[in-house]
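Visitor: The sequence isn't on hand, but the structure is:
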């Protein structure tokens, strides 16, 4: 039997098909009112269980969200490309294409917030989900109140990142100026070819998070890139030789085996 989904009570939804599903329990509860910034946000709900999809659509629509539904990984990518949602609620276990793979593909081209949802809840799922680029992780069963609270937090964080976006990225003693195509390390100018500059910018934007090899290749070389992934390794090696104090023992661009690379700063600032 699938996990129980607890939904907020709304008398206007009494004729919705999902209410008759015995796996869904309607409970009278209140959800904190969302702010105007979040009202009307478009959310893509991806789950292979009909009760969850229909239940979440009803609950989130009642809270002012616009909701699109997908029942498998391939449909999720189609809906994502067609509707450009503001957030994705993504189940891990999906037919055709797993939620982790869907997250990787979304993150390869977009910074749209993604919250992973799973009935499994093991720590490894949480770790892998966050490492492939998810913004948060919720385990089933959950209360919609908790889910909406997490959605609000992630949406606000995403809005803050956009509002505070700057053309100059500074992490420790490394600064990257997009407009001037300029990089300085410990105050010294470092000349970078275009691909290495783009790689560094992408890694610094997501400092502290793993950026998968697929994401780096798709964002820097494009989806139509047909060369070997060794091309990426060569450029990373060259980039390290320009910004690392000891390229053989890098402390900024760290290899995460089996996944990709992560930018860290060896200095406290």
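Guide: Okay, I see it. Remember, predicted model here, so these are calculated numbers, not experimental data.

Visitor: can you list the domains in the chain?
Guide: What the record gives for the chain is the domain set 5-163, 168-263, from automatic domain parsing.

Visitor: Which of those domains comes out lowest on mean pLDDT?
Guide: Of all these, the minimum mean pLDDT falls on domain 5-163 (a mean of 74).

Visitor: just to revisit the earlier point, take the domains of the chain and lay them out in TSV including mean neighbour count.
Guide: No exception for glycine: its C-beta is placed from N, CA and C like everyone else's. Below are the domains of the chain laid out as TSV (neighbours: other CB atoms under 10 Å):
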stretch	mean neighbour count
domain 5-163	18
domain 168-263	16
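
Visitor: which stretches of the stretch 51-200 of the chain form strands?
Guide: For the stretch 51-200 of the chain, applying DSSP state E, counting those that start in this stretch gives strands covering 66-70, 87-91, 114-118, 136-139, 168-171, 174-177, 182-185, 188-190.

Visitor: To residue 159, which of those lies closest?
Guide: strand 87-91 (11.1 Å; CB to CB).

Visitor: got the angle between the closest one and strand 114-118?
Guide: 20 degrees (axes from the mean of the first three to the mean of the last three CA atoms, to 10 degrees).

Visitor: Does anything pack onto strand 87-91? Which helices or strands?
Guide: Applying 3 or more CB pairs under 8 Å, 6 or more residues apart in numbering; DSSP states H and E, we find strand 87-91 packed against strand 42-46, helix 73-83, helix 99-109, strand 114-118, helix 144-163.

Visitor: got a markdown table for those, with distance to residue 56 too?
Guide: Converted to a markdown table, those look like this (distance: least, CB to CB, whole Å):
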| stretch | distance to residue 56 |
| --- | --- |
| strand 42-46 | 5 |
| helix 73-83 | 14 |
| helix 99-109 | 15 |
| strand 114-118 | 9 |
| helix 144-163 | 7 |
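
Visitor: Which one, of these, ends up nearest to residue 210?
Guide: helix 99-109 (10.1 Å).

Visitor: Off-centre distance for the closest one?
Guide: 8 Å (CA atoms, centre = their mean, to the nearest Å).

Visitor: Strand 87-91 and that helix, what's the angle between them?
Guide: 150 degrees.

Visitor: Begin at 52, not 1, for the rest of this chat.
Guide: Yes, from this point I'll number from 52; that puts the last item at helix 150-160.

Visitor: hmm, who's touching helix 150-160?
Guide: The contact list for helix 150-160, computed with CB atoms under 8 Å, 6 or more residues apart in numbering, reads 97, 124, 127-128, 131, 139, 141-145, 163, 165, 167-169, 179-180, 183-185, 263, 265-266, 269-270, 274.

Visitor: make it 7 Å
Guide: 97, 124, 127-128, 131, 139, 141-144, 163, 165, 167, 179-180, 183-185, 263, 265-266, 269-270 (CB atoms under 7 Å, 6 or more residues apart in numbering).

Visitor: Turn the strands of the stretch 102-251 of the chain into TSV, including distance to residue 307.
Guide: Below are those laid out as TSV (distance: least, CB to CB, whole Å):
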stretch	distance to residue 307
strand 117-121	29
strand 138-142	21
strand 165-169	18
strand 187-190	18
strand 219-222	18
strand 225-228	19
strand 233-236	22
strand 239-241	24
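
Visitor: To residue 105, which of these lies closest?
Guide: Nearest of the strands of the stretch 102-251 of the chain (CB to CB): strand 117-121, 8.0 Å.

Visitor: which helices and strands does that closest one pack with?
Guide: strand 93-97, helix 101-113, helix 124-134 (3 or more CB pairs under 7 Å, 6 or more residues apart in numbering; DSSP states H and E).

Visitor: Which among those is found nearest to residue 301?
Guide: helix 124-134 (33.6 Å).
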